[in-house]
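Trainee: just a sequence and a predicted model for now, questions to come.
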Amino acid sequence: MLLICAGLLVALALPDLFLDKHTYFYSYEALPGFFALLGLVAIGALAGLAWVIRTLLRRGEDYYD
């Protein structure tokens, strides 16, 4: 399953190397894989935020006893 996902990732990212991108705001948007990296950073930030919220809201093991 991991090899299938990795192959799908490569198959979807490969055309990004050959497409001509027209950027409107910033020049670094034209870098290959920019939006994939942006998504990876965003998911990491969300996971870190979820970990912080979990530690703040967690109850003890004997909370319902």
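Mentor: Received it, and whenever you're ready, just let me know what you need. Numbers count the residues shown, from 1 in each chain.
Trainee: Gly48 sits in which helix or strand?
Mentor: Per DSSP states H and E: Gly48 is located in helix 34-57.
Trainee: with Gly60 instead?
Mentor: Applying DSSP H and E, one finds Gly60 in no helix or strand.
Trainee: so who does it touch?
Mentor: Residues near Gly60 by C-beta atoms under 8 Å, 6 or more residues apart in numbering: none. Every residue, glycine included, has its C-beta placed from N, CA and C.
Trainee: tell me the spacing between it and Leu38.
Mentor: The spacing between Gly60 and Leu38, counted by C-beta to C-beta, to the nearest Å, is 38 Å.
Trainee: and Ala45, by the same measure?
Mentor: 11 Å.
Trainee: do the same with Tyr63
Mentor: 39 Å.
Trainee: what's the answer for Leu19, then?
Mentor: From Leu19 to Leu38 the distance is 17 Å (C-beta to C-beta).
Trainee: report how many residues lie close to Phe34.
Mentor: Residues lying near Phe34 (other C-beta atoms under 10 Å) number 15.
Trainee: so the nearest residue to it once chain neighbours are set aside: helix, strand or coil?
Mentor: Closest residue to Phe34 apart from its sequence neighbours, by C-beta to C-beta, 6 or more residues apart in numbering: Tyr28 at 6.3 Å. Tyr28 falls in the helix class when you classify it by DSSP: H, G, I helix; E, B strand; the rest coil.
Trainee: pretty sure Tyr28 is touching Leu38, no?
Mentor: No - using C-beta atoms under 8 Å, Tyr28 is not in contact with Leu38, being 10.0 Å away.
Trainee: who has more neighbours out of those two?
Mentor: Leu38 (12 against 9).
Trainee: how about the most centrally placed residue in the chain, what does it touch?
Mentor: Nearest to the mean C-alpha position of the chain, counting by C-alpha atoms, centre = their mean, stands Leu40 at 2.3 Å. The contact partners of Leu40, by C-beta under 8 Å, 6+ apart, come to none.
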